[in-house]
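K.L.:
give me coordinates for this.
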Amino acid sequence: MRIRATVAAVSGALALSALAVPAAQADDSAAAYRADVAKVRQAAHAASDRAPAAEGKPYALNVSFANFKIAKAVKVGTTNHVSTTVTYTLTHGADVKISAADFITDPVIYRGSATAPDNMLYGNKPAKCTATSATTATCKGTIDVYPGDHELVNTDAGTWRAAAEATAFNGQKPGGDTFDITKVGYKGQSGLGTTLMQRFSKLTVNAAPEPVKKGKTITVTGKLSRANWDRGTYNGYVEQPVKLQFRKKNSNTYTTVKTIKTNATGDLKTTVKATQDGYFRYTFAGTTTTPAATAAGDFVDVR
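P.N.:
From the prediction side, this is the model:
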């Protein structure tokens with residue numbers, strides 16, 4: 001779920017001023033809770049522990065977050081929904097009832113700085129928390145990405161940072177006539193960790209001719225492509241080093257024959273001499289914006 005946002009950061013808190021753009025696949029309840037939290041977040045602007053509530057603003061909720069854990073990398077293609085599990089520790093004051101039905105906490109990842117993020121992603125549903133003591137809990141949620149809904153653009157690839165937030169509505173209904181935001185508690189905290197958002201990659205190989213006479217030339221072609229989030233297609237990844245590897249028939253081990261680079265369209269082409277039966281493949285080590293990829297071996301019968 002994507003949010004384009006502007007934020008104000010005060011006393012290390014993440015005070016977001018944005019409205020969520022729910023993915024089309026998210027159910028109505030998810031969209032409703034996200035809109036409610038966004039309304040409170042917009043009004044928060046700043047928060048500090050135990051600060052009194054200002055007029056028209058939620059009060060600073062007495063919570064903090066730690067031990068944020070997320071996958072090292074999130075690999076996203078062009079159409080399929082990607083969901084990544086996140087866990088973190090929530091510490092709260094005795095006055096905060098995390099078991100209340102209208103207490104909500106979320107993991108968040110954002111691209112850019114906490115003071116001016118370029119993009120933000122949340123989960124479809126709030127995190128679920130299990131109390132481990134009277135004032136601590138372990139929470140588990142998700143970050144949900146829908147690339148088919150244009151939640152990402154190509155420049156979003158790379159390092160994202162982690163945050164978390166909590167909202168205690170305390171019986172207040174954001175859509176009600178008597179809604180009093182000063183009775184709602186909110187806390188956002190940034191800088192909890194990092195992950196890589198990567199453009200999913202594909203790699204192919206074809207060794208020909210097959211069969212081939214011993215000593216003759218084998219031409220090995222292929223293509224390295226990656227997700228283009230701007231267009232919703234896969235396009236060649238240009239000028240990237242890719243290893244050509246060979247595995248003898250009846251062996252389980254590949255050895256590197258040579259390293260070549262993709263051309264201006266992501267294509268690969270090189271030649272080798274036919275020496276014995278075996279499998280050729282290309283393998284790409286990956287970059288911060290694009291995950292590693294390895295083509296399935298293509299068998300060549302040498303006669």
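K.L.:
now do the longest strand anywhere in the chain: distance to the chain's middle.
P.N.:
The residue-count maximum for a strand in the chain (DSSP state E) belongs to strand 185-199. Offset of strand 185-199 from its chain centre (C-alpha atoms, centre = their mean, to the nearest Å): 10 Å.
K.L.:
for the next helix or strand after it, buried residues please.
P.N.:
Per DSSP states H and E, strand 185-199 leads on to strand 201-208 as the next helix or strand towards the C-terminus. Neighbour-count burial for strand 201-208 flags 201-207 (criterion: 16 or more other C-beta atoms under 10 Å). All C-beta atoms are positioned from the backbone trio N, CA, C, and that covers glycine.
K.L.:
low-confidence regions, this structure specifically.
P.N.:
Confidence mapping of the chain against pLDDT under 70 gives the ranges 1-31, 45-55.
K.L.:
roughly how far is the helix or strand in which K243 is found from the heart of the chain?
P.N.:
Using DSSP H and E, K243 sits within strand 241-248. Averaging C-alpha positions (C-alpha atoms, centre = their mean) puts strand 241-248 30 Å from its chain's average.
K.L.:
C-terminal to that strand, what's the next element?
P.N.:
Once strand 241-248 ends, the next helix or strand along the chain (criterion: DSSP H and E) is strand 255-261.
K.L.:
just to revisit the earlier point, what are the buried residues along the longest strand of the chain?
P.N.:
Buried, per 16+ other C-beta under 10 Å, within strand 185-199: 185-190, 192-193, 195-199.
K.L.:
now those residues as a markdown table including distance to N252?
P.N.:
Below are the buried residues of strand 185-199 laid out as a markdown table (distance: C-beta to C-beta, whole Å):
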| residue | distance to N252 |
| --- | --- |
| G185 | 58 |
| Y186 | 56 |
| K187 | 53 |
| G188 | 50 |
| Q189 | 48 |
| S190 | 46 |
| L192 | 42 |
| G193 | 37 |
| T195 | 33 |
| L196 | 30 |
| M197 | 34 |
| Q198 | 28 |
| R199 | 31 |
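K.L.:
quick check: the two most widely separated of these?
P.N.:
G185 and R199 (38.5 Å; C-beta to C-beta).
K.L.:
now, which of the buried residues of strand 185-199 sits nearest E151?
P.N.:
Of the buried residues of strand 185-199, the one sitting nearest to E151 (C-beta to C-beta) turns out to be M197, at 10.4 Å.
K.L.:
tell me what the closest one is bridged to.
P.N.:
V74, G158 (DSSP bridges).
K.L.:
distance of it from K72?
P.N.:
As judged by C-beta to C-beta, to the nearest Å, M197 and K72 stand 11 Å apart.
K.L.:
what number of residues lie near the nearest residue to Q240 once chain neighbours are set aside?
P.N.:
The spatially closest residue to Q240, leaving aside those adjacent along the chain, is T262, at 4.8 Å (C-beta to C-beta, 6 or more residues apart in numbering). Neighbour count of T262, defined by other C-beta atoms under 10 Å: 23.
K.L.:
D180 too?
P.N.:
For D180, the count of nearby residues is 14 (other C-beta under 10 Å).
K.L.:
OK, contacts around the closest residue to T132 other than its chain neighbours?
P.N.:
Nearest non-adjacent residue to T132, counting by C-beta to C-beta, 6+ apart: T138, 5.7 Å away. Going by C-beta atoms under 8 Å, 6 or more residues apart in numbering, T138 touches 87-90, 129-130, 132.
K.L.:
could you flag which of those are buried?
P.N.:
88-90, 129.
K.L.:
any chance of those residues in CSV, with distance to G56 and secondary structure too?
P.N.:
As requested, the buried ones among the contacts of T138 are arranged in CSV below (distance: C-beta to C-beta, whole Å; DSSP: H, G, I helix; E, B strand; the rest coil):
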residue, distance to G56, secondary structure
Y88, 30, strand
T89, 32, strand
L90, 27, strand
C129, 29, strand
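K.L.:
quick one: which of these is nearest to F103?
P.N.:
Checking the buried ones among the contacts of T138 against F103 with C-beta to C-beta, the nearest one is C129 at 8.5 Å.
K.L.:
contacts only, for that closest one.
P.N.:
C129 neighbours (C-beta under 8 Å, 6+ apart): 90, 98, 105, 137-140.
K.L.:
mind putting the residues you listed in JSON lines, secondary structure and distance to V40 included?
P.N.:
Below are the contacts of C129 laid out as JSON lines (DSSP: H, G, I helix; E, B strand; the rest coil; distance: C-beta to C-beta, whole Å):
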{"residue": "L90", "secondary structure": "strand", "distance to V40": "17"}
{"residue": "I98", "secondary structure": "coil", "distance to V40": "16"}
{"residue": "T105", "secondary structure": "strand", "distance to V40": "13"}
{"residue": "A137", "secondary structure": "strand", "distance to V40": "20"}
{"residue": "T138", "secondary structure": "strand", "distance to V40": "24"}
{"residue": "C139", "secondary structure": "strand", "distance to V40": "18"}
{"residue": "K140", "secondary structure": "strand", "distance to V40": "22"}
